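Colleague: I would like to see how this sequence folds:
(2 chains)
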Number of protein chains: 2
Amino acid sequence: MNTDPQGTLCNFLRFASVSAQPQHASDTRACAEWLSAILSDIGLEATLHETPGYPVVLGKTRRDPTKRTVLIYGHYDVQPAEPFHLWTTPPFEPTLRDGRIYARGATDNKGQILAHILGVADALSRGDLPVNVIFLIEGEEEVGSGNLAAFLETHRDALACDAIAISDTGMAADGFPTLCYSLRGIAAMEVRVFGPSHDLHSGVFGGAVANPATAAARLIASLHHADGRVAIPGFYDAVQPMAPWERLAAAESPLRDEHIATQAGVIELFGEPGFSSVERIGARPTAEINGIGGGYQGAGSKTVLPAEAFFKLTFRLVANQTPGNILDLAVAHLESQCPVGIRLEIERGHGGEPFFCDPQSPDGLAAQRALHEVFGRPPALLREGGSIPILKTFETILGCSPILIGLASPDCRAHAPDENFPVANFHSGIALNQALLRELAGTAKA
Amino acid sequence: MNTDPQGTLCNFLRFASVSAQPQHASDTRACAEWLSAILSDIGLEATLHETPGYPVVLGKTRRDPTKRTVLIYGHYDVQPAEPFHLWTTPPFEPTLRDGRIYARGATDNKGQILAHILGVADALSRGDLPVNVIFLIEGEEEVGSGNLAAFLETHRDALACDAIAISDTGMAADGFPTLCYSLRGIAAMEVRVFGPSHDLHSGVFGGAVANPATAAARLIASLHHADGRVAIPGFYDAVQPMAPWERLAAAESPLRDEHIATQAGVIELFGEPGFSSVERIGARPTAEINGIGGGYQGAGSKTVLPAEAFFKLTFRLVANQTPGNILDLAVAHLESQCPVGIRLEIERGHGGEPFFCDPQSPDGLAAQRALHEVFGRPPALLREGGSIPILKTFETILGCSPILIGLASPDCRAHAPDENFPVANFHSGIALNQALLRELAGTAKA
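Modeller: This next block holds a predicted model:
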């Protein structure tokens, strides 16, 4: 099988394992079974564990107590492929073009997890796998990993490990080795702003009655200083300042302002003073309005003083902020700013803690050496701006911090039409798995 | 006919003369013809003038050059009656309950214009009409009077007059005689706020890119000081300060804060410091957000940094502000406040000049005497907050200021289900017409 890695990847990609879409339930389950068979074929003890949703696939070597144990996490489910008409070739018919394999899931996450599987397969075939390995591959990552925490709790002993490796994050630049050591947390809320009991004539009442749309805007404006700093009292209190080595790593990141501006489609970037864009995205918390609405939404004008308005916002958090504390501070601030004649209803939404893992730890240094060896240069040390709440769950339940060695290129189009995975990254991923396991084998327990 | 005023009003109200709804085109035209016949029956020279929309009905006495000429304006079209299920009795089957006639158009404007017609009819039948009268009754008031200015221009000589009387405004309290001497003008605009070229992942980009929803909110917040005053530089420069008699009239208005709060459905009123609610509504300009939107509008949360946002606003203007100047000031202010990384598109909307007419002028005093005589108490002198741009058109083309002696009670439900007109107001209106014409007959030309 390992003689045709690309063929195996194409087989994996042909399953339309879209966990969000009920019409793909049998495809998703068939994908899990195929994957379990693959793990078994390469010599692992493969099992398929039912959950209230899609099964978790486990593949384990026999546990040798003289070796360290590395858990490798990934997922076999993929995002929906819609809109289909924007794909150059069909999303579930993998196609090679210009050195990239195009298919839904190519990067996220089938290409990356399969690279790990093939790396282990190769080592097993040569009889020199230096660690015990546990593959844990779930089928609900794209719909929130709702059953994973319970699975980890239930199988805590069977999943006991010394290190966790995950390839599901991005590279700072195309082909640039990258160790992601931090992701932001998240805390969501929705604010509903109420004024008069019904929409009013803006002539008959305007001037004497507080306008909820104006009040919503003033509340939002109170969240930031003009220079971009968040203005909620206490918001930055728990933020762990960037260490000098972090600022150096950010300054040396191959991800530059011009790349960020191009990807965002803006002429000019904007953010908190005193930090570069890479730092603002990875190492600084934000308060971002995701949606706002109220009053007349149609064409032209309607002279109404609306009865209510709303806004939705999410905070991105960095270590050591917590969702609960940040929501407390935000609620207190908004309530203190609520204008006369206005009533607020604030609904707290989902939250996830930030993730931070020292890349200078023994296992972090092992990962850096492996990346250096495979790519021929020292890796970028990156803080990513997104949130993967499940990382904290791994850390809490299994007691070690995931090592994030993602292989997603900046133009991999994950979650979008024409998702692709460079063949070079796929082969680098196989080599990286082997280098990483060798390096982790020699690392003293942290 | 005048022996059964209520019967005549019911006949008038049975026409579903809804100018906005094409299915009522023949009803509306039939109403104009009925009205023309009524004017003819009472002894006027009645004519029906075609326009590109619904006809204008004129009814004139023979012009006696020794008498002053009073033009009385009204409209025979009505608002749509929907939603029908909220009417206690059908909107075009006038019904008497508790001293009020319920029907669409009962107050706005059929009851009020018919009171004038019946007042003139009665005087003509007794042979003592003290002035020349011109009735000008249009059929497009509820859809913007789009053809009226051209009609006035074309018939300027035939419509030459010394005074204009209109009963299409409100009473400060139920049955309280009211002379409205000012209405606010209006100026509309829409602001579109653009940031990134497409919606962004709030984790991957949040912190480094200006958020258009936040920018829209900050722009809106910049329109006012926290205390409610408009913060646009120069906004108040052209405002004619309230004269001492105006502040006295406002203080004595039977329209009190508690009435305004009850009608608006608010616990607490809010507005510009230094002015009462009646003053804020009638005598002070405003900047009111009518609609705001951007980003995710559905249930729950979506972690998007939106590509754009918008807001719609209208300014209510007072003498001597002009729509053009206020829009200029607003555009300059918003552009000066536009944050880094954000681009604005500002669209100017419709405008209408404020109306102000001195109630202490000879004709204003004549109207006050007539109101006092009919209702047995001095009238409230009221500045209304709404806008009737056509008033300024009358003033400009015909050269005299309309006298606004409205008979709409605060709970007449104009434009809403269960619109009604107190029978007492109808009979007072007939008497008021006669008293007003007598008083205006004796007034020296202003």
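Colleague: And what about A:Ala287, helix, strand or coil?
Modeller: strand (DSSP: H, G, I helix; E, B strand; the rest coil).
Colleague: need the helices for the stretch 101-250 of chain A, in chain order.
Modeller: Secondary structure of the stretch 101-250 of chain A (DSSP state H, counting those that start in this stretch): helices at A:112-125, A:148-154, A:212-221, A:244-251.
Colleague: can I get the CA coordinates of the second one in PDB?
Modeller: In this case it means helix A:148-154. Taking C-alpha atoms only, helix A:148-154 is exported to PDB below (Å, rounded to 0.1, in the frame of the first residue of the first chain):
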ATOM      1  CA  LEU A 148     -14.700  13.700  21.800                       C
ATOM      2  CA  ALA A 149     -14.300  15.000  25.300                       C
ATOM      3  CA  ALA A 150     -16.500  12.200  26.700                       C
ATOM      4  CA  PHE A 151     -14.500   9.700  24.600                       C
ATOM      5  CA  LEU A 152     -11.200  10.900  26.000                       C
ATOM      6  CA  GLU A 153     -12.600  10.700  29.500                       C
ATOM      7  CA  THR A 154     -13.900   7.200  29.000                       C
END
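Colleague: so who does A:Gln263 touch?
Modeller: A:410, B:205 (C-beta atoms under 8 Å, 6 or more residues apart in numbering or on different chains). Quick note: C-beta positions are derived from backbone N, CA and C, even for glycine.
Colleague: coming back round to it: compare the helices of the stretch 101-250 of chain A and give me the one nearest A:Val331.
Modeller: With respect to A:Val331, and counting by C-beta to C-beta, the nearest of those is helix A:212-221 at 11.5 Å.
Colleague: what does the closest one contact?
Modeller: Residues outside helix A:212-221 that contact it (C-beta under 8 Å, 6+ apart) are A:191, A:193-195, A:289, A:292, A:294-295, A:306-311, A:313, A:334, A:337-339, A:342, A:344, B:213-214, B:216-224, B:226, B:288-292, B:311.
Colleague: and among the helices of the stretch 101-250 of chain A, the most buried is which?
Modeller: Counting by mean count of other C-beta atoms under 10 Å in any protein chain shown, helix A:212-221 has the highest mean neighbour count of the helices of the stretch 101-250 of chain A, with a mean of 27.
Colleague: outside of stretch A:48-62, which residues touch it?
Modeller: A:19, A:28-29, A:32-33, A:35-36, A:39-40, A:42-47, A:76-77, A:117, A:124, A:129, A:132-140, A:143, A:146-148, A:150-151, A:155, A:158.
Colleague: follow-up on the earlier one: how about JSON lines for the helices of the stretch 101-250 of chain A, with mean pLDDT added?
Modeller: Shown next, in JSON lines, are the helices of the stretch 101-250 of chain A (pLDDT from 0 to 100):
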{"stretch": "helix A:112-125", "mean pLDDT": "98"}
{"stretch": "helix A:148-154", "mean pLDDT": "97"}
{"stretch": "helix A:212-221", "mean pLDDT": "98"}
{"stretch": "helix A:244-251", "mean pLDDT": "96"}
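Colleague: Kindly reformat the ones you listed as a markdown table and extend each row with distance to B:Glu268.
Modeller: Shown next, in a markdown table, are the helices of the stretch 101-250 of chain A (distance: least, C-beta to C-beta, whole Å):
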| stretch | distance to B:Glu268 |
| --- | --- |
| helix A:112-125 | 58 |
| helix A:148-154 | 46 |
| helix A:212-221 | 12 |
| helix A:244-251 | 49 |
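Colleague: Out of these, which is closest to A:Met171?
Modeller: Evaluated over those, closeness to A:Met171 peaks at helix A:112-125, with 11.0 Å, by C-beta to C-beta.
Colleague: What helices and strands are in contact with the closest one?
Modeller: In terms of contacts (3 or more C-beta pairs under 8 Å, 6 or more residues apart in numbering or on different chains; DSSP states H and E), helix A:112-125 is packed against helix A:5-13, strand A:69-75, strand A:132-138, helix A:423-441.
Colleague: Give the partner strands of the second one in its sheet and their orientations.
Modeller: In the sheet, strand A:69-75 lines up against strand A:132-138 (parallel), strand A:163-166 (parallel) (DSSP bridges).
Colleague: picking that back up, could you export the helices and strands packed on helix A:112-125 as TSV, including mean neighbour count and mean pLDDT?
Modeller: What follows is those, written out as TSV (neighbours: other C-beta atoms under 10 Å in any protein chain shown; pLDDT from 0 to 100):
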stretch	mean neighbour count	mean pLDDT
helix A:5-13	19	97
strand A:69-75	25	98
strand A:132-138	25	98
helix A:423-441	21	97
